[in-house]
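1. got a sequence here, can you build the structure:
(chains A and B)
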Amino acid sequence: MTGAKPYLKHVAISFAVLIILCGIVFAVFALYQNEIGDQTGYLQIACFVIAVLASYVFYLLLAAKSRGEMVVWEATKQLMVSREQFKRLYEDAPVPYVKLDLKGLIHEPNKATLRFFGVLPEEIENKNFFTFHPDEDLELGKKLLQRFTLNVPINREEIRMITKSGEVRTILLTVFETRDTQTLGRMGIASIFDITEQKKLDKAKTEFVSLASHQLRTPLATMKWFMDMLLSGDIGELPDKQKEYVQKLYTVNGEMAELVDILLNVSRIEIGALVLDKKKANAVDIAESILTELSSQIARKYLIIDKRYGNALQDITTDPKLLRIVIQNLVSNSVKYTPDGGTITITFTQTGSQGQIIITDTGMGIPREQQDKIFTKLFRADNVRTQSAAQGTGLGLYLVKSIIEALGGSISFTSEEGKGSVFTITLYSL
Amino acid sequence: MDKVVKKKILVVDDDNNLNSVLVEKLTISGFDAIGAHDGEEGLAKALEIHPDLILLDIMMPKMGGMEVLDKLRKDAWGKTAKVIMLTALEDVNLVAQAMEKGSYKYIEKVQHSLGDIVKQVEAELARENK
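-> Numbers count the residues shown, from 1 in each chain, chains lettered A, B, ... in the order given. Down below sits the predicted model:
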């Protein structure tokens, strides 16, 4: 649409019609005034009024038409602006976009795509997008093309792409459905989200934790083995007192190794490097192995262990190593903080794919005013710090909560100081 | 154990202290234990003396344990050599890799006492004799 706005044009036309009609009325009256013999001028006024009304009706008709045209005019203008905006957005977006036809051929790659592949438009247009993969991902590329042609959604699929210079980059591929502007046939807009740097960073973080744990654990293993040599009598028997001291060193070394494990697990969680390895597991086996591990402490304190496993949680899907850390921490807390002769109850329940692990003790409990802090890092309740000889890092329950959340579960507790605590873990989709 | 039937154990670990204490313990336990202090030296010694069992650390400079195991498996003798992997930390992926390459045992150093390791060595040697 060009020129002035249509309603202005129609006002002008209607005005012109009014003038012409009035002109005709006056001319006719000027010619026939005497013949008609009308001296009053009523007829003249009536004709004039009719001429005005006629031109007004004419104007209304034109205005109605112009309003319709206006709507179309405005809509077209908006459409053009938004199309222009979309085009700019598509072409200049920092994210690589390409249009794909049903064969997977590339059309209209945007600037970011050209930068990503390091190519000119003609080097990539009409080439199959799903062939720009390193050899090991070609099969996956084929599958994705198949999904695209069958109209199965492709949403953030990780795949590696190969650029003109031969560099391999990892991307998340999403394909939206769209229509070709000319033929209206089905097409796709593929968005390429480059996660290469993120991957490198994740790898570096994981490697750091792994290296740190290696470096921290090696001297602990060395100390442990030299103490083994001293204690075993292989190089001569130690006098009793010396043996007792080396035994103490041995215990502390073991605690240190445990602490390193906890710290590493905490840092794995904090840098997001905790990898879930879900498989078939039996929580009863896990609990039993923990109880065996803690058996000497349990015996020393004459603790009663009440096992209520039922038939629950014996065939579940979870990360057994992480679940072990969780149960181990909770049971070992109960063992540490329950006075001699107390009872620790381990209850398992399961309904379908949802299960609960409940650890109840008759221990020191957690002071009410500190209960909201127990899952925070480095927190130790006042009563355990002042009344208990047991060592603690203040990391155990923080770790437990973080792991449970990573496993997709939840943890809650009730506790009364001097009476004991009940920790309940709920796990879903087992 | 009679000197003539002493089994040869090669200990490949870059940590000198760990290596020496392990060699000493194995010697005391009646084995002919020899130490190597990096992957390259370990591989060369293994191919030269054909030990009855290799205790192989995973993380080492120059050549890591996994690479040593790879190269060993390409050798006619090394194909069937008994290997126990040693590591400072357990890693599920590494366990899987080591199993694939025919190492059936995997010892996380800090979790095991020297006595445990001698038992594992004896068990692995017995498996060979079957």
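2. could you pull out the helices for chain B?
-> B:16-28, B:39-49, B:65-73, B:92-100, B:114-129 (DSSP state H).
3. what about the second one, near chain A?
-> It refers to helix B:39-49. No - counting by CB under 8 Å from any CB of the partner chain, chain A is not contacted by helix B:39-49; separation bottoms out at 15.1 Å. All C-beta spots, glycine's among them, are computed from the backbone N, C-alpha and C.
4. using a markdown table, lay out the helices of chain B together with mean pLDDT and mean neighbour count.
-> Shown next, in a markdown table, are these (pLDDT from 0 to 100; neighbours: other CB atoms under 10 Å in any protein chain shown):
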| stretch | mean pLDDT | mean neighbour count |
| --- | --- | --- |
| helix B:16-28 | 93 | 19 |
| helix B:39-49 | 94 | 18 |
| helix B:65-73 | 91 | 20 |
| helix B:92-100 | 69 | 14 |
| helix B:114-129 | 86 | 15 |
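5. to residue A:160, which of those helices lies closest?
-> Smallest distance to residue A:160 across these (CB to CB): 19.3 Å, for helix B:92-100.
6. show me what contacts residue B:24?
-> When the contact criterion is CB atoms under 8 Å, 6 or more residues apart in numbering or on different chains, the partners of residue B:24 are A:229, A:234-235, B:33.
7. before we move on, back to that, can you redo the helices of chain B as JSON lines with distance to residue A:218?
-> Output for the helices of chain B, formatted as JSON lines (distance: least, CB to CB, whole Å):
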{"stretch": "helix B:16-28", "distance to residue A:218": "7"}
{"stretch": "helix B:39-49", "distance to residue A:218": "16"}
{"stretch": "helix B:65-73", "distance to residue A:218": "14"}
{"stretch": "helix B:92-100", "distance to residue A:218": "16"}
{"stretch": "helix B:114-129", "distance to residue A:218": "15"}
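8. looks like residue A:401 contacts residue A:413 (just checking).
-> No - contact between residue A:401 and residue A:413 fails when scored by CB atoms under 8 Å: they sit 10.4 Å apart.
9. which of these two has more neighbours?
-> More crowded of residue A:401 and residue A:413, by other CB atoms under 10 Å in any protein chain shown: residue A:401, with 20 against 17.
10. mind checking the pLDDT average for stretch A:83-95?
-> For stretch A:83-95, mean pLDDT rounds to 92.
11. next SSE downstream of the helix or strand hosting residue A:35?
-> Following DSSP states H and E, one finds residue A:35 within helix A:6-36. The helix or strand immediately downstream of helix A:6-36 is helix A:42-92, counting by DSSP H and E.
12. any idea which helix or strand comes after that next one?
-> Following helix A:42-92 in sequence, per DSSP H and E, is strand A:97-100.
13. and that next one, how far out from the chain's middle?
-> 25 Å (CA atoms, centre = their mean, to the nearest Å).
14. quick one: strands adjacent to it?
-> Counting by DSSP bridges, the strands paired with strand A:97-100 are strand A:106-107 (antiparallel), strand A:186-194 (antiparallel).
15. closest to residue A:270 out of those?
-> strand A:186-194 (25.0 Å).
16. before we move on, the earlier item: of all the contacts of residue B:24, which comes closest to residue A:199?
-> Nearest to residue A:199 among the contacts of residue B:24, with distances taken as CB to CB, is residue B:33, at 42.7 Å.
17. what's near enough to touch the nearest residue in space to that closest one that is not next to it in sequence?
-> Excluding its sequence neighbours, the residue lying closest to residue B:33 (CB to CB, 6 or more residues apart in numbering or on different chains) is residue B:26, at 3.7 Å. Contacts for residue B:26 (CB under 8 Å, 6+ apart) come out as B:9, B:11, B:33, B:118, B:121.
18. run the chain-centre distance for the longest strand belonging to chain A.
-> Ranked by number of residues, the top strand in chain A under DSSP state E is strand A:168-179. Its chain's average C-alpha position is 17 Å from that of strand A:168-179, according to CA atoms, centre = their mean.
19. give the contact list for the nearest residue to residue B:14 once chain neighbours are set aside.
-> Leaving aside its chain neighbours, residue B:14 sits nearest to residue B:60 (4.4 Å; criterion: CB to CB, 6+ apart). When contacts are counted by CB under 8 Å, 6+ apart, residue B:60 touches B:12-14, B:38-39, B:42.
20. how about a cut-off of 7 Å?
-> Counting by CB atoms under 7 Å, 6 or more residues apart in numbering or on different chains, residue B:60 touches B:14, B:38-39.
21. residue A:126 in helix, strand or coil?
-> coil (DSSP: H, G, I helix; E, B strand; the rest coil).
22. quick check: buried residues in stretch A:401-413?
-> A:401-404, A:406-407, A:409, A:411, A:413 (16 or more other CB atoms under 10 Å in any protein chain shown).
23. restricted to helices, list the residues you listed.
-> A:401-404, A:406.
24. give me the phi and psi for residue A:311.
-> Main-chain dihedrals, residue A:311, degrees, to the nearest 10: phi -110, psi 10.
25. which strand residues bridge the residue nearest to it when sequence neighbours are not counted?
-> Excluding the flanking residues, the one nearest residue A:311 by CB to CB, 6+ apart is residue A:350, at 7.9 Å. Assessed by DSSP bridges, residue A:350 has beta-bridge partners residue A:355.
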